[in-house]
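Novice: What shape does this take:
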Amino acid sequence: MRKEMRTNELGELTAFVAVAEEKSFRKAAARLNLTPSTLSHSLRALEERLGVRLLNRTTRTVSPTEAGIALLAEIAPAFAAIAGAVEKVNTFRETPQGTVRINTPRIAADLVFMPQLKQFNLDFPDIRLELATNDGFVDIVTEGFDAGVRIRGDVQQDMSAVRLTSDFHSAVYGSPEYFARHAKPLSPPDLQHHACIGRREITGGALYRWEFEKEGKQIAVPVRGPLIVDSVTMMTRLALDGIGLVYTARSPEHDALVAQGLLIRVLEDWSVTFPGFFLYYPGHRQLSAALKAVISSFRLPLRDH
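Specialist: Numbering: from 1, shown residues only. Down below sits the predicted model:
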């Protein structure tokens, strides 16, 4: 007679598969949207019920025992098949649901996601979008992310990628209030006499030198000012408040502020072009309906490189 599996048994096995695959209670907890202590309790209950240790635990690592490896080999394909079947059903919903975890640089979060998050939430109320900002390199597979954001040259070859933005053009902005007190800079060296909102390099931590280019001439200017921040949103707010000049990527939001007379752009003829952002994800994985919705909402229209 076939034994029916109880709900708690299925939950315990789900916890085991997640921890064994992630080799981390923290990462498995994020994957299942549970607390590490809940997962630990489920694993202890499973091991007690089976009468065998399934995981070796140390303060730093988690790895399957020989018995755990054997169990994982038997049940992991079944759980993958179940997840695939559920995802197929999800495509029949009027709106997709699920959690999508994306790792993104701060500037991409500010320029790409922030302006569209309200509309995305209205269009897909059943999708839980988690944005983790990190300017350093992150292995999205190891860290349990569904996708990441980078410039194209930084995307690994085994990843699929879709373009989120065109190439960026640098821009320097200040408010009418600021320029009522200070003359507009006519060339990059003039910035040394201005209050400039600084930011630090992604690697090394040195203050970023503002980069300019004109007629083949390139120049990087060290700037000084009252504040150092790492968010485009904060930079824009500080510029609007007349605290200083900011160097950032030109965007439709900045263009709107200029059109409204709230910001003034200077040194336009010294603008530098930077590569745009791509959203990337493991090429071998089947895309969930939720991730497809994210891609369709944030990708650059009619452009896919």
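Novice: So Leu240 sits against Leu257, correct?
Specialist: Yes: here Leu240 reaches Leu257: they are 7.2 Å apart, a contact under Cβ atoms under 8 Å. Every C-beta, even on glycine, is put in place using the N, C-alpha and C of the backbone.
Novice: Overlap in contacts, these two.
Specialist: In terms of Cβ atoms under 8 Å, 6 or more residues apart in numbering, Leu240 and Leu257 are both contacted by the residues Leu263.
Novice: ok, now how distant is Leu263 from Ala109?
Specialist: Leu263 sits 21 Å away from Ala109, going by Cβ to Cβ, to the nearest Å.
Novice: ignore the last one, Ser288
Specialist: Distance, Ser288 to Ala109, by Cβ to Cβ: 21 Å.
Novice: gap between stretch 188-206 and the chain center?
Specialist: Averaging C-alpha positions (Cα atoms, centre = their mean, to the nearest Å) puts stretch 188-206 25 Å from its chain's average.
Novice: which parts of it are buried?
Specialist: Within stretch 188-206, the residues that count as buried by 16 or more other Cβ atoms under 10 Å are 188, 191, 194-199.
Novice: residue ranges of the helices in the stretch 151-300 of the chain, please?
Specialist: For the stretch 151-300 of the chain, helices defined by DSSP state H, counting those that start in this stretch occupy the ranges 176-181, 232-240, 252-259, 289-298.
Novice: related to what we said a few turns ago, and of the buried residues of stretch 188-206, the nearest to Thr236?
Specialist: Checking the buried residues of stretch 188-206 against Thr236 with Cβ to Cβ, the nearest one is Ile197 at 9.7 Å.
Novice: still on that earlier bit, quick one: which of the helices of the stretch 151-300 of the chain is nearest Gln156?
Specialist: Closest approach to Gln156 among the helices of the stretch 151-300 of the chain is made by helix 289-298 (17.7 Å; Cβ to Cβ).
Novice: Spell out which residues sit in contact with Leu267, please.
Specialist: Listed by Cβ under 8 Å, 6+ apart, the contact set of Leu267 reads 172, 185, 187-188, 212.
Novice: Over to Ser24?
Specialist: By Cβ under 8 Å, 6+ apart, Ser24 lies in contact with Val62.
Novice: buried ones in stretch 242-257?
Specialist: Residues of stretch 242-257 classed as buried: 242-251, 254, 257 (neighbour count, 16+ other Cβ under 10 Å).
Novice: With stretch 17-35 instead?
Specialist: Buried residues in stretch 17-35, counted by 16+ other Cβ under 10 Å: 17-22, 24-25, 27-32, 34.
Novice: Please apply the same query to stretch 286-297.
Specialist: 287-291, 293-295, 297.
Novice: of those residues, closest to Thr95?
Specialist: Checking the buried residues of stretch 286-297 against Thr95 by Cβ to Cβ gives Ala293 as the nearest, at 8.0 Å.
Novice: Could you measure from Thr38 over to Val19?
Specialist: Thr38 sits 11 Å away from Val19, going by Cβ to Cβ.
Novice: brain fart, Ile82
Specialist: Counting by Cβ to Cβ, the gap from Ile82 to Val19 is 18 Å.
Novice: Now, the buried residues of stretch 17-35 that are in helices?
Specialist: Judged by DSSP state H, the subset of those located in helices is 17-22, 25, 27-32.
Novice: which helices and strands does the helix or strand hosting Ala76 pack with?
Specialist: Element membership for Ala76 (DSSP states H and E) is helix 66-90. Contact here means 3 or more Cβ pairs under 8 Å, 6 or more residues apart in numbering; DSSP states H and E; on that basis helix 66-90 packs against helix 7-22, helix 289-298.
Novice: and for it, what are the contacting residues?
Specialist: Helix 66-90 is contacted from outside by 13-14, 16-17, 20-21, 52-55, 64, 96-98, 286, 288-290, using Cβ under 8 Å, 6+ apart.
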